[in-house]
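[1] Fold the stuff below for me.
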Amino acid sequence: MNEPSESSWRKPVSPATSAGLVPVERPQAKKLRSRHVTMITLGGIIGASLFVGSGNVIRAVGPAAVLSYLIGGLLVFLAMRMLGEMAASRPAIGSFMEYARVGLGNWAAYLVGWLYWYFWVGVLAYEAVLGGETMASWFPAVPSWAWSLILIGIFVGTNIISVRAFGEVEFWLASVKVLAIVVFLGAGLLFAFGLWPNSEISISNLWEHGGFAPNGFGVAFTGVALVIFSYFGTEIAVMASAESEDPAKGIRQATSTIIWRILLFFVGSVLIIVTVVPWNELPVPTDVANAPFTYALEQFGIPGASIIMQLVIFTAVISVLNSGLYSASRMFAALAEQGFAPKIVAKKSKNGVPVMALLASTSGGLIATLVNFLTPGSGIFDFIMNSAGLVALFVYVFIALTQWRLRQKMTPEEVANLKLKMWLHPWLNILLIACIAAVIAVMMFSEGGRTQVWTSLIATGVLILFWPLVRRNLKRRKASDEGSSAPDTVSGAEAPR
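    All right, here's what the predicted structure looks like:
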């Protein structure tokens, strides 16, 4: 696709253009349709971290886990609104990394981009391991590690064909998840009020068995880091919208509906679980067979409830695996395009798929997956659920700072013309950053929380160590680009007449 002409970018001048954002070059390829973006927005982030990982939060916090999900949901809602303001003005496949580059500088884009990629590589391993173990429980003739590799191979295939293929697969997988949770919420509500066959009112489970917060309300704040892991990925809809037929509509839809999606799918589901089942009776969630959703559904007395829920959770696992490959590859390609990763990684197929970034991201996920199988008991689930959750908090801080800075660069007229505007600017930015700082501070007072903080800081520290090398490479690349575009070069010289 040819670059837009200079005149096309002068009328009208968008706030994003004046802030320094460059046009995104999109190849001529099939794009995501509105229904794809809609379903990705609704159910794209519902994965094993909710269906299985919510059990870890409930066992640690008690019924007050509902507060953990509410606080985490508030942080995500604010961050997504800020991201939505930037993305609605200028859709970019690199999303918040590109905005961080313009708003805060190359160092911020480098850091937030690599942290985001690191998170999704970990998710790929988490979902692949869980999916492989599920398949092995159904078909034990094939070992779980082999099933993990098979699943990764299948979804690398769907992603490598085209973005439309990714969207179509995700549409149907997300549809199953959304339908399952809606049915679960309806049945759970009837059960909690004693309206379900052979059921009694069980609302008292919220305050019995040690109280609403048996381990203290401070633990509810510590649990936010675990909860953020479940929410992280909401921005996939914004990234996918940049490759859709109507980016602006998709972005507005993704950011405007997030609050009720959080309340319904996440807070609502956890509230049903702690109401239907005493929190201290939940088994340790190690796989889909003893996940909190499965355990709660068994109380309803539905024939085959366990198998049904296992199938739904498995669908969620492979759905996030599919989305994770998409997100990791797009961010890796964006890193390469900006000079933060090897240039070859940005290479795309005729369909606009960043093939090298996809394969490189898959390799990272494969290594993490194999490490888990080669060293049983290494705690990969706990490590990802903990350290990656804090990485998500770091990313949200960058989003808040970036939106704040970009708004400062706009004129009053440009602010008034914003298609999607963040409220109470910059006070909600300050609130988001302060809340995240408070969550991290509370985490430092518990052994598990300190582990989460230090492991995340170590990952961030490693990236900081490599920044001087990357910065030198950026300077060389800039000098090379300026030299190649000089008027006296062979390529730029005017041909003699």
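[2] Can you tell me the number of residues neighbouring the nearest residue in space to Met444 that is not next to it in sequence?
    Closest residue in space to Met444, ignoring its immediate chain neighbours: Arg450 at 5.6 Å, by Cβ to Cβ, 6 or more residues apart in numbering. From N, CA and C alone the C-beta is placed, and that goes for glycine too. The burial count assigned to Arg450 is 12, neighbours taken as other Cβ atoms under 10 Å.
[3] and Arg450, what element?
    Per DSSP states H and E, Arg450 falls inside helix 447-484.
[4] Show me what that helix is packed up against.
    Where contact means 3 or more Cβ pairs under 8 Å, 6 or more residues apart in numbering; DSSP states H and E, helix 447-484 is packed against helix 106-138, helix 380-408, helix 427-443.
[5] Could you double-check that the residue nearest to Met444 sits in contact with Ile440?
    No. The criterion here is Cβ atoms under 8 Å, and Arg450 misses it with Ile440 at 10.3 Å.
[6] now Ala242: how far from Ser319?
    20 Å (Cβ to Cβ, to the nearest Å).
[7] neighbour-wise, which of those two wins?
    Remark: of Ala242 and Ser319, Ser319 carries more neighbours, 27 against 22, as counted by other Cβ under 10 Å.
[8] what comes up buried for the helix or strand encompassing the more buried one?
    If you go by DSSP H and E, Ser319 is part of helix 305-337. Buried residues in helix 305-337, counting neighbours by 16 or more other Cβ atoms under 10 Å, are found at 305-306, 309-337.
[9] could you point out which element follows it?
    helix 355-374.
[10] residues in contact with that next one?
    The contact list for helix 355-374 (Cβ atoms under 8 Å, 6 or more residues apart in numbering) reads 117, 120-122, 124-125, 128-129, 132, 144-145, 148-149, 152, 156, 159-160, 324-325, 328-330, 332-333, 336, 344-349, 378, 380.
[11] switch the cut-off to 7 Å
    Residues outside helix 355-374 that contact it (Cβ atoms under 7 Å, 6 or more residues apart in numbering) are 121-122, 124-125, 128-129, 145, 148, 152, 156, 159-160, 325, 328-329, 332-333, 336, 344-345, 347-349, 378, 380.
[12] So what angle separates the directions of that helix and helix 106-138?
    With axes from the mean of the first three to the mean of the last three Cα atoms, to 10 degrees defining the directions, helix 355-374 sits at 50 degrees from helix 106-138.
[13] Helix 355-374: how far from the chain's middle?
    Computed by Cα atoms, centre = their mean, to the nearest Å, the separation of helix 355-374 from the middle of its chain amounts to 18 Å.
[14] Check stretch 234-251 too.
    From the chain centre to the centre of stretch 234-251 is a distance of 14 Å (Cα atoms, centre = their mean).
[15] in that stretch, what counts as buried?
    In stretch 234-251, counting by 16+ other Cβ under 10 Å, buried: 234-244, 246-247, 250-251.
[16] got it, and stretch 123-132?
    For stretch 123-132, a neighbour-count test (16+ other Cβ under 10 Å) marks 123-132 as buried.
[17] next one: stretch 356-371
    Those would be 356-358, 360-362, 364-366, 368-370, for stretch 356-371 by 16+ other Cβ under 10 Å.
[18] do stretch 217-234 as well
    Under 16+ other Cβ under 10 Å, the buried positions of stretch 217-234 are 218-234.
[19] Same question for stretch 396-411.
    For stretch 396-411, by 16+ other Cβ under 10 Å, it's 396-407, 410.
[20] And stretch 144-158, by the same measure?
    Here stretch 144-158 shows 144-145, 147-149, 151-152, 155-156, 158 as buried, counting by 16+ other Cβ under 10 Å.
[21] How about stretch 87-105?
    Result for stretch 87-105 [16+ other Cβ under 10 Å]: buried residues 87-104.
[22] Low-confidence stretches in this structure?
    Along the chain, segments meeting pLDDT under 70 span 1-30, 44, 92-94, 286-288, 375-389, 448, 484-497.
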